[in-house]
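Participant: Sharing a model prediction with you, sequence too.
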Amino acid sequence: MAKLKLLGSDYGKHILIDATNSTGTFIHRTQNRADLYDEIYLYAINNYGSDVNLTIEWGETYDASSPYADQIKTLIEPSSGLYVVVEGLLLQKGLTVYAYADVSNVLSINGYINRSKVGV
């Protein structure tokens, strides 16, 4: 298993969420391989003065046929430190994670992945 930074992060720094709708800010893309999976951990930071709604687009962006099936929605309170948003969920085969908020440029996301071979 290898512990790696999110692909949307420069050098492990926070990813500023500037998007306010789908397709959101790029967070991470898995390897397009069936023999690898990424165990993903995401933490949100809200240094704004009010609550902010955060939407994680999990594996794909908005799909009109099932608009909420691949979304994780949560309310991030202000000055709450690192708020756990995703704790060890799995993705693979080139699927992507995006995020957007109802206020631009006030939330950041950080985290990491554990990349493992299937069956190991």
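Facilitator: Structure's in. What do you need?
Participant: For the residue nearest to T74 when sequence neighbours are not counted, give me phi and psi.
Facilitator: In space, and not counting its chain neighbours, T74 is closest to L54: 5.5 Å by Cβ to Cβ, 6 or more residues apart in numbering. (C-beta placed from N, C-alpha, C; glycine too.) Backbone torsions of L54, given as degrees, to the nearest 10, read phi -120, psi 140.
Participant: got the contact list for L54?
Facilitator: By Cβ atoms under 8 Å, 6 or more residues apart in numbering, the contact list for L54 reads I17, A44, K73, T74, L75, I76, V85, A99, Y100, A101, L107.
Participant: Are any of these buried, and if so which?
Facilitator: Applying 16 or more other Cβ atoms under 10 Å to the contacts of L54, the neighbour count classes I17, A44, I76, V85, A99, Y100, A101, L107 as buried.
Participant: Specify the local secondary structure of the fourth one.
Facilitator: Okay, so that is V85. strand (DSSP: H, G, I helix; E, B strand; the rest coil).
Participant: That one is in contact with I72, isn't it?
Facilitator: Yes - under the criterion of Cβ atoms under 8 Å, V85 makes contact with I72 at 6.9 Å.
Participant: I'd guessed H28 sits against R115; true?
Facilitator: No - using Cβ under 8 Å, H28 makes no contact with R115, being 10.8 Å away.
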